[in-house]
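A.B. asks: No sequence on hand, only this structure:
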């Protein structure tokens with residue numbers, strides 16, 4: 001079947017229109033959705049490799065230096081990049097006497113109990129504030145917002161903790177920082193983004209608020225709850241200032257305060273090793289001990305983070321843009 005000149009013109013116009021439409025759609029795409037050419041692909045790969053190297057190189061240097069002997073550190077003139085003689089002397093010195101081990105157990109207890117308590121209270125508060133018909137919804141929300149910008153100060157907080165009889169108690173490391181207004185607002189934003197028809201359907205079926213929270217809201221919010229738990233866990237594990245204020249008994253010191261005493265003060269801990277001198281006058285042997293201290297402080301967080309990493313981006317974005 002032959003085509004007439006008019007039909008060929010019509011087909012040409014149709015093809016031209018389709019191509020123009022495809023070009024317009026491609027031009028509407030964001031820059032990060034465009035297909036990379038060879039140059040762009042290579043540049044992105046080099047940038048990603050540089051970021052990975054910037055993260056891994058310090059960790060590699062700290063770990064290698066902590067296992068290096070005094071002679072190897074002296075030859076390197078400081079941090080070790082090329083493996084030499086390896087030894088566990090720095091770790092034996094840090095862990096001698098069981099002081100650091102006991103402090104690690106204290107930190108683990110505070111982190112686990114504190115994170116559990118903080119997540120439970122934050123979820124309950126956020127769920128209550130996410131219900132528009134809850135009692136005193138707006139005044140309580142306004143109070144949370146005020147605490148994000150204004151605090152009572154260190155001295156009033158210390159007097160409150162002392163009046164409650166929490167001095168030299170592990171609860172002094174948990175209760176003063178048990179609830180973060182920011183984390184509560186992140187959870188509230190996510191809860192408000194849940195489809196109300198699901199909750200209303202559960203109410204029609206006879207579910208109460210506790211069952212709705214436990215069976216519907218929490219399972220649908222596992223990502224953002226995991227992120228909030230990570231925030232609380234890192235805060236509890238890395239905290240040492242509250243221990244300096246409220247804990248006088250060395251047996252109740254958390255790991256971060258014990259390690260700070262090793263690195264900054266160079267004190268002899270009861271039953272533990274000694275790090276002579278301060279940072280400015282520290283020698284090669286002290287450097288290995290300090291790097292071992294940093295490894296002990298970093299490893300627990302690195303061990304936990306992979307389990308919540310897959311929820312991190314989703315939880316932060318969903319919790320931040322809704323509400």
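C.D. replies: Cool, the structure landed. Given the structure is predicted, the values throughout are model-derived calculations rather than measurements. Numbers count the residues shown, from 1 in each chain.

A.B. asks: Lowest mean pLDDT among the helices and strands of the chain, which one is it?
C.D. replies: For the chain, the helix or strand with the lowest mean confidence is helix 5-28, at a mean of 60 (criterion: mean pLDDT, DSSP states H and E).

A.B. asks: Report the next helix or strand after it in sequence order.
C.D. replies: Next in sequence after helix 5-28, counting helices and strands by DSSP states H and E, comes helix 38-66.

A.B. asks: contact partners of the helix or strand just after that following helix?
C.D. replies: Under the assignment DSSP H and E, the closest C-terminal helix or strand after helix 38-66 is helix 70-76. Residues from elsewhere that reach helix 70-76 (Cβ atoms under 8 Å, 6 or more residues apart in numbering): 65, 68, 80, 82, 84-85, 284-285, 287-288. Every C-beta, even on glycine, is put in place using the N, C-alpha and C of the backbone.

A.B. asks: if we go to 10 Å?
C.D. replies: Helix 70-76 is contacted from outside by 61, 64-65, 68-69, 79-80, 82-87, 89-90, 283-288, 291, using Cβ atoms under 10 Å, 6 or more residues apart in numbering.

A.B. asks: Of the residues you listed, keep whichever come out buried.
C.D. replies: 61, 64-65, 68-69, 80, 87, 89-90, 284-288, 291 (16 or more other Cβ atoms under 10 Å).

A.B. asks: and of the residues you listed, the nearest to residue 206?
C.D. replies: Residue 206 lies nearest to residue 291 out of the buried ones among the contacts of helix 70-76, by Cβ to Cβ, at 60.0 Å.

A.B. asks: Roughly how far does residue 237 sit from residue 297?
C.D. replies: Distance of residue 237 to residue 297, computed by Cβ to Cβ, to the nearest Å: 8 Å.

A.B. asks: intersection of neighbour lists for the two?
C.D. replies: Both residue 237 and residue 297 are contacted by 107, 255-256, under the criterion Cβ under 10 Å, 6+ apart.

A.B. asks: Keep only those of the residues you listed that are in helices.
C.D. replies: If you go by DSSP state H, those have 107, 255-256 in helices.

A.B. asks: Looking at residue 237 and residue 297, which one has more neighbours?
C.D. replies: The residue with more neighbours, out of residue 237 and residue 297, is residue 237; 21 against 18, by other Cβ atoms under 10 Å.

A.B. asks: what's the closest non-adjacent residue to the more buried one?
C.D. replies: Using Cβ to Cβ, 6 or more residues apart in numbering and skipping the chain neighbours, the partner closest in space to residue 237 is residue 111 (4.7 Å).

A.B. asks: and what of residue 194?
C.D. replies: Nearest to residue 194 is residue 220, by Cβ to Cβ, 6+ apart, at 6.0 Å.
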